[in-house]
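Engineer: The amino acid sequence is not available; the structure is as follows:
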């Protein structure tokens, strides 16, 4: 079964310096029908103006991933990390027992466009930790690139949950399959472009909740490359 979550049905907040779309209930956006999916709790698509950002604030017991689509994202936290994240990198912060961080756009001229993702951890009260991993652009072209998973590994962020986070880029007409298994659940989010997922049309910002589907088939549509984020969930 595949249920579609259309881009224009998401929550939306425009604060001037921040333009944000919420796939699931977040902050002032509340929808009891969209509180999350399995362990996936937040997908926020954020655009932050040059020189602006989120001041220091706290989190605990949450796996937080950031994935930059364009521009750059600055990060500082109470663990002592001070980093800049760009495209083709995955940042993972396990909030654990508690961490304070800030996120900001260090550019004076260009906005930053990124996804912030929250996944509920399998266990609470763990130590806070941080990872930032860069990869080559061609690692997601013609194949699935594993960004994060329970086992971690070389070039893969480790998350405290039975979940995998993958990304792929498809040229027009290119096909990509994924063996999900009927005992697993999937959430597909189209980052850019347009695709068919098991024959269903999806465009940028659209998503699909997937259950009882053994296999997934993606086909790139349109003239430009498409990018899709896939969550493989228990």
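Structural biologist: That came through fine. Being a predicted model, the structure only gives us computed values, none of them experimental.

Engineer: Please count neighbours and contacts with C-alpha atoms only from this point.
Structural biologist: Noted.

Engineer: Am I right that residue 110 is in contact with residue 52?
Structural biologist: No - taking contacts as C-alpha atoms under 8 Å, residue 110 lies outside contact range of residue 52: 10.8 Å.

Engineer: Enumerate the beta-bridge partners assigned to the most centrally placed residue in the chain.
Structural biologist: Nearest residue to the geometric centre of the chain (C-alpha atoms, centre = their mean): residue 117, 4.6 Å. Beta-bridge pairing for residue 117 (DSSP bridges): residue 43, residue 65.

Engineer: Look up how far residue 32 lies from it.
Structural biologist: 19 Å (C-alpha to C-alpha, to the nearest Å).

Engineer: Equivalent analysis for residue 101, please.
Structural biologist: For residue 101, the distance to residue 32 - C-alpha to C-alpha - is 28 Å.

Engineer: So between the two, which is more surrounded?
Structural biologist: Between residue 101 and residue 32, residue 101 has the larger neighbour count (other C-alpha atoms under 10 Å), namely 20 against 8.

Engineer: Determine the number of other residues adjacent to residue 224.
Structural biologist: Applying other C-alpha under 10 Å, we find 13 residues neighbouring residue 224.

Engineer: Can you tell me the SS state at it?
Structural biologist: coil (DSSP: H, G, I helix; E, B strand; the rest coil).

Engineer: shouldn't it be in contact with residue 193?
Structural biologist: Yes - at 6.6 Å, residue 224 counts as touching residue 193 under the criterion of C-alpha under 8 Å.

Engineer: Mind listing what's buried along stretch 145-162?
Structural biologist: 145-150, 155-161 (16 or more other C-alpha atoms under 10 Å).

Engineer: And for stretch 227-234?
Structural biologist: 227, 228, 229, 230, 231, 232, 233.

Engineer: Specify which member of these is nearest to residue 181.
Structural biologist: Lowest distance from residue 181 to these (C-alpha to C-alpha) belongs to residue 232, with 9.6 Å.

Engineer: give me phi/psi at that closest one?
Structural biologist: phi -100, psi 110 (degrees, to the nearest 10).

Engineer: ok, it - contacts?
Structural biologist: The contact partners of residue 232, by C-alpha atoms under 8 Å, 6 or more residues apart in numbering, come to 163, 164, 165, 180, 184, 185, 186, 187.
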